[in-house]
Structure formats: structure tokens, C-alpha cells
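In: Based on what follows, work out the 3D shape:
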Amino acid sequence: MRILFITATRLGDAVLSTGILNTLIQQWPDARITVACGPVAAGLFRHMPGLERVLVMHKRRYDLHWLDLWKTCAPTRWDMTVDLRGSIISFALRSGRRFVMRGGRRP
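Out: Alright, predicted model coming up:
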């Protein structure tokens, strides 16, 4: 099973997301997990069980960092996508199951 986990760019928010990630690891211990996060939070995930890779998202003007993430993730067929950022990218990827948290900052 391949899981894409899109989490926060800020360290505190990323720490809070580890509870969800831990649940995924416990439920699917053989899953290969790719974590997309900001550079400050990347070190938090580097040694977790089942990690396939950490995709570090560097913010760019006009939200182009999302396009970069899509280019990296689009060739892969994901069994599950967990998007805590509420981004549209989750719907633009081939994924069996999607869990997208709705953002609260934008109308």
C-alpha cells in the first residue's frame, strides 16, 4: 500500500499531525508512506517507520509549490491520500481513497 500524507509547513502543526500518521502506521504497518511537508518540519518525519520519502515543499509565489508537488506525485498511483492542508492537489492525483481536511482560512 502506498500512502501520500500532505501535512503542514510549520513545525507545531506538523507535530500535531503525527497522531494521525501514527494511526495510519498502526493500521497499515507494511504501507510505504510519502510525507509532503515544509522544510522546517521535514526532520520530524525522517526516521519514522514505513517512510518511503519526504517531499520538502518550498513555498513559491502564486502557490507554484503545489504544481511542483503535483509533478512529483502525479506519476504514482496512490492507494490513499491524506491531505491535512485541504489543497486541490489531492483531487488531481490518482488515488484510491482520499481524506482531505477542509481549510478554515479561505472562504
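In: use CA for all of it now, contacts and neighbours both
Out: Will do.
In: what residues does stretch 70-88 touch?
Out: Contact partners of stretch 70-88, identified using C-alpha atoms under 8 Å, 6 or more residues apart in numbering, comprise 1-8, 89-90, 92-103.
In: Give the buried residues for that stretch.
Out: By neighbour count on 16 or more other C-alpha atoms under 10 Å, the buried set for stretch 70-88 is 73, 78, 80-86.
In: that older thread, buried subset of the contacts of stretch 70-88?
Out: Burial by neighbour count, judged by 16+ other C-alpha under 10 Å, picks out 2-8, 89-90, 93-95, 98, 100 from the contacts of stretch 70-88.
In: Let me have the residues you listed in a markdown table, extended by pLDDT, distance to residue 56 and secondary structure.
Out: Shown next, in a markdown table, are the buried ones among the contacts of stretch 70-88 (pLDDT from 0 to 100; distance: C-alpha to C-alpha, whole Å; DSSP: H, G, I helix; E, B strand; the rest coil):
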| residue | pLDDT | distance to residue 56 | secondary structure |
| --- | --- | --- | --- |
| 2 | 98 | 18 | strand |
| 3 | 98 | 16 | strand |
| 4 | 98 | 13 | strand |
| 5 | 97 | 12 | strand |
| 6 | 96 | 10 | strand |
| 7 | 94 | 10 | coil |
| 8 | 88 | 11 | coil |
| 89 | 90 | 15 | helix |
| 90 | 89 | 17 | helix |
| 93 | 96 | 18 | coil |
| 94 | 96 | 20 | coil |
| 95 | 96 | 20 | strand |
| 98 | 95 | 21 | strand |
| 100 | 94 | 19 | strand |
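In: Let me know how buried residue 58 is, in neighbour terms.
Out: By other C-alpha atoms under 10 Å, 15 other residues sit near residue 58.
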